[in-house]
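A.B. asks: The following block contains a protein sequence and its predicted model.
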Amino acid sequence: MKTHLKVTQTKSVIGQSHAMCATIRGLGLHGPGSAVVVGNTPSFRGAIKKVIHLVTVEETDTAPVAKKQPGAQKAS
């Protein structure tokens, strides 16, 4: 069973409602061409359903990669 979804933004949010723009940002997308891997959960599927006309979705087995926070310091 595929446990993750790769979501790629294909269209801009210009001219869309503020709610759609907020949903795109909530998914972690930052503009056309950006992509994220999210869990295949009901909450993410619901968010994707609201903006399906702006994104493409593929099922994948790869887990999301954790990003380093800017300015984060190592514990010594």
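C.D. replies: Sure, I can see it. Numbering: from 1, shown residues only.
A.B. asks: From the centroid of this protein, which residue is nearest?
C.D. replies: Residue closest to the mean C-alpha point of the chain, counted by Cα atoms, centre = their mean, is Leu27 at 3.5 Å.
A.B. asks: and Glu58, what element?
C.D. replies: Using DSSP states H and E, Glu58 maps to strand 55-60.
A.B. asks: for that strand, packing partners?
C.D. replies: strand 4-9 (3 or more Cβ pairs under 8 Å, 6 or more residues apart in numbering; DSSP states H and E). All C-beta atoms are positioned from the backbone trio N, CA, C, and that covers glycine.
A.B. asks: Parallel or antiparallel, list what pairs with the strand it packs on.
C.D. replies: As defined by DSSP bridges, the strand partners of strand 4-9 come to strand 35-39 (antiparallel), strand 55-60 (antiparallel).
A.B. asks: Of these, give the one that comes closest to Val13.
C.D. replies: Minimum separation from Val13 across the strands paired with strand 4-9 (Cβ to Cβ) falls at strand 55-60, 10.6 Å.
A.B. asks: buried set for the closest one?
C.D. replies: Of the residues in strand 55-60, Val55, Val57 count as buried by neighbour count, 16 or more other Cβ atoms under 10 Å.
A.B. asks: Take that strand, keep the C-alpha atoms, and write them as CSV.
C.D. replies: In CSV, the C-alpha atoms belonging to strand 55-60 read as follows (Å, rounded to 0.1, in the frame of the first residue of the first chain):
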residue,chain,number,x,y,z
VAL,A,55,-1.9,20.5,-8.3
THR,A,56,-1.0,17.0,-9.6
VAL,A,57,-0.8,14.1,-7.2
GLU,A,58,1.2,10.8,-7.4
GLU,A,59,1.2,7.9,-4.9
THR,A,60,4.7,7.0,-3.6
